[in-house]
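[1] Fold the following and give me the result.
(one chain, ligands or ions: 1)
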Amino acid sequence: MTKQAQPGHSIAQLKVFSPAKINLYLRILGKRPDGYHELETVMLLLQFGDEITLQLSTTGLTLECDHPDLPTDDSNIALRAAKLLAEHSGVDHGARIILRKRTPLAAGLGGGSSNAAAVLTGLNRLWNLNVSGEELHGLAARLGSDVNFFLGQGAALCHGRGERIEPVACNFVGTILLVNPGFGISTKWAYEHWAQTAAESRLTGKFPEVSLLLRALAEGDLAGVTQCLFNSLEVPSIRKFPVLGLIKKTMCEDGAAGALMSGSGATVFGLFANKGDAEQSARRIREQFGPSMWTASTRFAEVPSRSGKAHRIAR
Ligand code: C5P
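    Prediction:
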């Protein structure tokens, strides 16, 4: 967001961009006593994402969404984020949260986590709360493992459950083709099945060095980035859903330098030097695998473009 609230004025409406992410690297280091998994992951914000409109309201906190399958009650992390911020700040302000959902659900693209982060930062501004960045990070970590990343600036190396973020340099300029097969994978399911696969095949032993990936990202070296793509959750998911492996193979045949499943899936992404090849591959995948295939071609977002028009009203 670009504009700050002026003293004596409050904002009536705010539009916030809620970007998706991909994981170029997701290595599970082990299972923790609290049931979560200790991670080392590298994530990139994308230019593709959802749009959220926040409006001041006198009738409490409500969420509306144009996607029929997404619940708009307290089970939605975006509404929980709004309630947590209000509770933390000791205010009973209302807001209408209008979510235009473009990111597929349960897709490994961080859709819900990104919405939560956008609601935290957007309502902080709409309600003129001045909650500090550090406090917002504390709230984000309570909402979900990926929410902190979406409070950040572009590319990050993340540890812990994923909530400890360290910004990293990224000069990656290629085209990123996202392909979702039309079904979701539950994050919980993916992590549970990693344990079985890891025990069977000692998956934990083979992985590229994350430092090499960070260097390649900083240098904008597509071949170097491609060599370091890694996701501990990919093998169990491809084993259960072989179409994911076939999509990866098709993208590579169509000119992708590399392809990987993002996060807990089921979205697979391909990294292309050439935008035309990415778009051609998307067309071929939709033809070959059928109309359930969802595709989007996007790029790394160097700066989160969460800015939007803020309409002010005098107090
Ligand atoms: O934190 P979040 O709600 O996004 O996580 C969803 C589920 O994914 C958790 O309940 C847990 O089963 C699994 N998870 C995990 N280790 C992580 C992140 C998520 O086991 N680091």
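[2] Quick check: buried residues in the biggest strand by length in the chain?
    Longest strand in the chain, counting residues (DSSP state E): strand 9-31. By neighbour count on 16 or more other CB atoms under 10 Å, the buried set for strand 9-31 is 11, 13-28. (Glycine included, C-beta is placed from N, CA and C.)
[3] So which of these reach the ligand?
    Near the ligand, judged by CB under 6 Å from any ligand atom, there are no entries from the buried residues of strand 9-31.
[4] Point out the residues in this structure that sit beside the ligand.
    Residues of the chain lying near the ligand (CB under 6 Å from any ligand atom): 36-37, 39, 144-146, 161-162, 187-188, 191.
[5] Apply 5 Å and report the result again.
    Near the ligand, the residues belonging to the chain are 36-37, 39, 144-145, 161, 187-188, 191 when assessed by CB under 5 Å from any ligand atom.
[6] From those, which land in helices?
    Taking DSSP state H, the ones among the residues of the chain next to the ligand that sit in helices are 187-188, 191.
[7] For these, give me CSV that also has pLDDT and neighbour count.
    Converted to CSV, those look like this (pLDDT from 0 to 100; neighbours: other CB atoms under 10 Å):
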residue, pLDDT, neighbour count
187, 91, 18
188, 92, 10
191, 92, 19
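[8] from these, which single one is nearest residue 55?
    Nearest to residue 55 among those is residue 187, at 30.6 Å by CB to CB.
[9] what about the closest one, distance to residue 269?
    Going from residue 187 to residue 269 by CB to CB, to the nearest Å gives 17 Å.
[10] Thought residue 278 was touching residue 270, still the case?
    Yes. Shown here, residue 270 and residue 278 form a contact pair, counting by CB atoms under 8 Å, at 6.8 Å.
[11] Of those two, which one has the most company?
    The neighbour count for residue 270 versus residue 278, taken as other CB atoms under 10 Å, is higher for residue 270 (29 against 24).
[12] So the most centrally placed residue in the chain versus residue 246, what's the distance?
    Using CA atoms, centre = their mean, the residue of the chain that lies closest to the mean C-alpha position is residue 110, 2.8 Å off. Note on residue 110: its distance to residue 246, by CB to CB, is 24 Å.
[13] now do residue 31
    Taken as CB to CB, the span from residue 31 to residue 246 is 30 Å.
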